[in-house]
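*Asks:* okay, here's the prediction I keep looking at, along with the sequence it came from:
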Amino acid sequence: MVDYVRMREEYIQGTMHLKQLADKYEVSINNLRDHSNRHNWGRERKKYQAELMRSEEHTSELQSLAYLVCRLLLEK
């Protein structure tokens, strides 16, 4: 049985491309591409990557001493 759940996770997290997943799980690239299109994997992958970028930016902002001082002053 084809494990689309695992393939989806690997694809969305950006660790593998569809062709690599098709080879790894021994499925047809055409079937995998059709499945990913039907279930919006591309959109989910972009959303996941955007959330990662926001998270990294937020973390770096919080680590900036000047940013922390400004936030503390604004909160008073």
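*Replies:* That came through fine.
*Asks:* how about the contacts made by the residue nearest in space to the middle of the chain?
*Replies:* With distances taken as Cα atoms, centre = their mean, Y48 lies nearest the centre of the chain, 3.2 Å away. Listed by Cβ atoms under 8 Å, 6 or more residues apart in numbering, the contact set of Y48 reads 12-14. From N, CA and C alone the C-beta is placed, and that goes for glycine too.
*Asks:* next one: Q49
*Replies:* Q49 touches G14, counting by Cβ under 8 Å, 6+ apart.
*Asks:* quick check, pLDDT for it.
*Replies:* The model reports Q49 with a pLDDT of 89.
*Asks:* likewise the one 10 residues further on?
*Replies:* In this model, T59 is scored at 63, pLDDT.
*Asks:* how about L32?
*Replies:* For L32, pLDDT reads 96.
*Asks:* name the SS class of it, please.
*Replies:* What DSSP: H, G, I helix; E, B strand; the rest coil gives for L32 is helix.
*Asks:* equivalent analysis for T15, please.
*Replies:* Following three-state DSSP, we place T15 in the coil state.
*Asks:* next, work out how far apart it and V69 are.
*Replies:* As for T15, its distance to V69 is 38 Å (criterion: Cβ to Cβ, to the nearest Å).
*Asks:* same question, W41
*Replies:* 42 Å.
*Asks:* now V5: how far from D34?
*Replies:* 17 Å.
*Asks:* pick out whichever of those two has more residues nearby.
*Replies:* Legend: neighbour count by other Cβ atoms under 10 Å for V5 and D34, higher for D34 (11 against 8).
*Asks:* got a list of what the more buried one touches?
*Replies:* Neighbour list for D34: empty [criterion: Cβ under 8 Å, 6+ apart].
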